[in-house]
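> Have a look; sequence and predicted model below, questions after that.
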Protein chains: 2
Amino acid sequence: MKVFKTVKTIQDYIKLKKCRGSSIGFVPTMGYLHEGHLSLIRRAHKENDISVVSIFVNPTQFGPKEDYKKYPRDFKRDEKLSKQAGADLIFYPKVREIYPEGYRTYVDVKDITGTLCGASRPGHFTGVSTVVAKLFNTVQPDVAYFGQKDAQQAVVIKQMVRDINMDVKIKVMPIVREANGLAMSSRNRYLSAKERIDAPVLYESLKLARRLIKAGVQDVRSIRSQMSRIIRSKGSMRIEYISIVDKDNLKEIKRVKKDALIALAVKVGKTRLIDNIVIKGGI
Amino acid sequence: MKVFKTVKTIQDYIKLKKCRGSSIGFVPTMGYLHEGHLSLIRRAHKENDISVVSIFVNPTQFGPKEDYKKYPRDFKRDEKLSKQAGADLIFYPKVREIYPEGYRTYVDVKDITGTLCGASRPGHFTGVSTVVAKLFNTVQPDVAYFGQKDAQQAVVIKQMVRDINMDVKIKVMPIVREANGLAMSSRNRYLSAKERIDAPVLYESLKLARRLIKAGVQDVRSIRSQMSRIIRSKGSMRIEYISIVDKDNLKEIKRVKKDALIALAVKVGKTRLIDNIVIKGGI
C-alpha cells in the first residue's frame, strides 16, 4: 500500500493507472476509521482495480465553535486498518496542501444545504462539497463511496456531481451500527460511559418511527413527538432536530406517504450525534 | 467536424479518445466568433490532437438588466468559422442541458471577483467559473485557451483551476485588435457607425498610459486622470472604471513599479466595452 501526501503525486500516479485501464474506487474520510469506513473500503476494494482512501480532517467543514482541533486523529492506526480492508493507496495531505496560502474557491450547493444539519452548521456543506470536489479532481475516481450515516452529505454530493458534470458514480452504503444499535461514528469516542449507555435511544426512536408508520401513522408531527418523548426520557439529551423529509430533495413532508428520510441530530452531553433511517414506500 | 449537443455524448466520446492517447485542446466561447476566438481555435488545433470549441451563451453570467437575450447568435456561421480554424468538435448545448430543472451548484472564486468588472456585475464571475468548471468536467481538456481581452476572467479561471485541483493547463492568448486598435468583441456589433469611430480611443488611452509609464510616471492617479481625459474627449463615453492593478491578484496599486495590468470598462453609448494592457516591469 502506498501513501501519498501531495495532490500532484497522487494525481499523476492515478492518471497513469487510469490510462492503463485500471478502475478507481475512492473512499474519502476524515480518518479515525471505524467499521462504517471499513465497510466502504472493502466495497471499493471489491469493485475496483485500485481502491483509494483519503484521510483529511477538513477544517472548512467545521464551524468556529466546533471540534476541529479535538477531532480524533491516529494515522498509524488508520493506515493499518485501511490496508487490512484492502486499500491500495492512501492520500494523506497536510492542510496547507489542500488549502494553500491565497486559497479562495468554494463549491456551493444551494437550497438543500440550509436544512437539517445545515441549519445549525452554516458553511458546513460548502466545506464538504468544496473538499470533495477537490478530492475527486485529485483522485479521479470511477466510483466514490459514502456512508448513509451522513444522509444529507450524500444527497449534497450526488447533487454536486450531477450538476457540475463530474464523471464519477456515487454509491451510498448502509449505516453500520454497534450491537446496541448506536450508529458508528468517530465522535462516539467523546461519549462518557453513561452517555454510551443512553446513546442507543437515538436508533430506538428511529425504529419506533418505523413501527408507527408501519402501523398506519402518517402524521409527521405525531411521529416526531413520540420520538422526541423517548429521546428525552434519557437525561443529558438535547434534540437539535428531528426531521421527516423527502429522501431525495430533503424537503419537509407533512404526511408519510412514500419514501421518507427520518433524520435527527441530538447533543448527548457535549457530543453532537446524528442518525437516520429511510422508510421505504411509507404505508 | 462533429457537433455534440449533450454532456454525456461528448464526455463519453472524449473519454474514449483520451484513453487512446489523444490530447485535448479546448476553447470555450459564447459564439458569434471573431478573430480573437479564431486565434484561440487555431492555437488549440496546432497544439493538440483534438481541438474542441464550445458555443454556449451562458445565462448565469449575465445580470438581469444585461444583454443575455440580445447577445448575438449565429450557429451556422460559428460552425463554419470553427471548422476553417481547425476545430474537430463543437459542443453546442441548449440551456436546459447545462442547467436542468433543479440545478443548484455554483463554483465561487472569492476576493478577486469583487473588483473591476465584478464590482458592476455582481454574480457575473460566479456564472463564469461555474460554467467553465462544468465545461472542463465535460470536455476534460489537457489545455484550455482564453483571451487576454477578458483579463479578470483569465485570472479567475486560473485561480479556480489551481484551487480545486483541476487537471487542465490554462493558456491566455493576446488580444486581437481591429486595424484601428479596437479590441475584437462580439459586442462590437452593437456599435453605431459614430461609436465605431470613437471606440478606438479606449486603446489609445491604454497606449498613452504605457507611454507615460515608460517616461517615468509612476503615480496611478495621474495616469488614470490622463487616460480619463482622452476618453472623455469623445462624446457618448461613460467610464465605468479605469484600474491599475497587480496582474496576478488584481489588487489596486498606487505606484507602477513592476508588472501591472491596466484595465478599463467604458460604456460607449449603450454598449459596454472592456480593454486592457499589461505593462511589463513598470519602470
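Good, I have the coordinates. Numbers count the residues shown, from 1 in each chain, chains lettered A, B, ... in the order given.
> Output the set of residues of chain A in proximity to chain B.
A:7, A:11, A:15, A:19, A:21, A:102-112, A:129-130, A:133-134, A:137-138, A:140, A:159-160, A:163-167, A:249 (Cβ under 8 Å from any Cβ of the partner chain). In this view, the C-beta of every residue, glycine as well, is placed from N, C-alpha and C.
> Filter those down to the buried ones, PyMOL style.
In PyMOL, this line selects whichever of the residues of chain A next to chain B come out buried by 16 or more other Cβ atoms under 10 Å in any protein chain shown:
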select buried, chain A and resi 7+11+103+104+105+106+107+108+109+112+129+130+133+134+137+138+140+159+160+163+164+165+166+167
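> From the residues of chain A next to chain B, which land in strands?
Using DSSP state E, A:105, A:106, A:107, A:108, A:109 are the members of these that sit in strands.
> can you pull the buried residues of stretch A:21-39?
Per 16+ other Cβ under 10 Å, stretch A:21-39 contains these buried residues: A:24-34, A:36-39.
> Next: stretch A:221-231.
Neighbour-count burial for stretch A:221-231, counted by 16+ other Cβ under 10 Å, picks out A:223, A:224, A:226, A:227, A:228, A:231.
> That stretch - what's its average pLDDT?
The pLDDT scores in stretch A:221-231 average 98.
> next one: that stretch to chain centre, how far?
Computed by Cα atoms, centre = their mean, to the nearest Å, the chain-centroid distance of stretch A:221-231 equals 24 Å.
> okay, it in PDB with CA atoms only?
The C-alpha trace of stretch A:221-231 is given here as PDB (Å, rounded to 0.1, in the frame of the first residue of the first chain):
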ATOM      1  CA  ARG A 221     -46.000  15.800  14.000                       C
ATOM      2  CA  SER A 222     -47.300  12.900  15.900                       C
ATOM      3  CA  ILE A 223     -44.300  10.700  14.900                       C
ATOM      4  CA  ARG A 224     -41.800  13.400  15.800                       C
ATOM      5  CA  SER A 225     -43.400  14.000  19.200                       C
ATOM      6  CA  GLN A 226     -43.300  10.300  20.100                       C
ATOM      7  CA  MET A 227     -39.700  10.100  19.000                       C
ATOM      8  CA  SER A 228     -38.900  13.200  21.000                       C
ATOM      9  CA  ARG A 229     -40.500  11.700  24.100                       C
ATOM     10  CA  ILE A 230     -38.400   8.600  24.200                       C
ATOM     11  CA  ILE A 231     -35.200  10.500  23.500                       C
END
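> Now do the contacts for residue A:38.
Residue A:38 sits next to A:81, A:84, A:85 when contact means Cβ atoms under 8 Å, 6 or more residues apart in numbering or on different chains.
> Quick check: what element follows the helix or strand harbouring the first one along the chain?
So that's residue A:81. For residue A:81, the host element (DSSP states H and E) is helix A:75-85. Using DSSP H and E, the next helix or strand after helix A:75-85 towards the C-terminus is strand A:89-91.
> quick one: pLDDT of the residue of the stretch 1-150 of chain A found nearest chain B?
Closest contact between the stretch 1-150 of chain A and chain B, by Cβ to the nearest Cβ, is at residue A:105 (3.6 Å). Here the pLDDT value assigned to residue A:105 is 98.
> How about the one 3 residues further on?
We have a pLDDT of 98 for residue A:108.
> Could I get the CA-only coordinates of stretch A:95-105 as CSV?
Below are the C-alpha coordinates for stretch A:95-105, written out as CSV (Å, rounded to 0.1, in the frame of the first residue of the first chain):
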residue,chain,number,x,y,z
VAL,A,95,-4.0,21.3,5.5
ARG,A,96,-1.6,23.6,3.6
GLU,A,97,-1.5,21.1,0.7
ILE,A,98,-5.3,21.3,0.3
TYR,A,99,-5.7,25.0,1.3
PRO,A,100,-2.5,26.8,0.3
GLU,A,101,-1.9,30.4,1.0
GLY,A,102,-4.3,32.5,-1.1
TYR,A,103,-6.9,29.7,-1.5
ARG,A,104,-10.3,31.2,-2.4
THR,A,105,-12.5,28.9,-4.4
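> chain center to that stretch, what's the gap?
23 Å.
> Could you do stretch A:32-47 as well?
The chain centroid and the centroid of stretch A:32-47 are separated by 13 Å under Cα atoms, centre = their mean.
> what do you get for stretch A:206-225?
From the chain centre to the centre of stretch A:206-225 is a distance of 25 Å (Cα atoms, centre = their mean).
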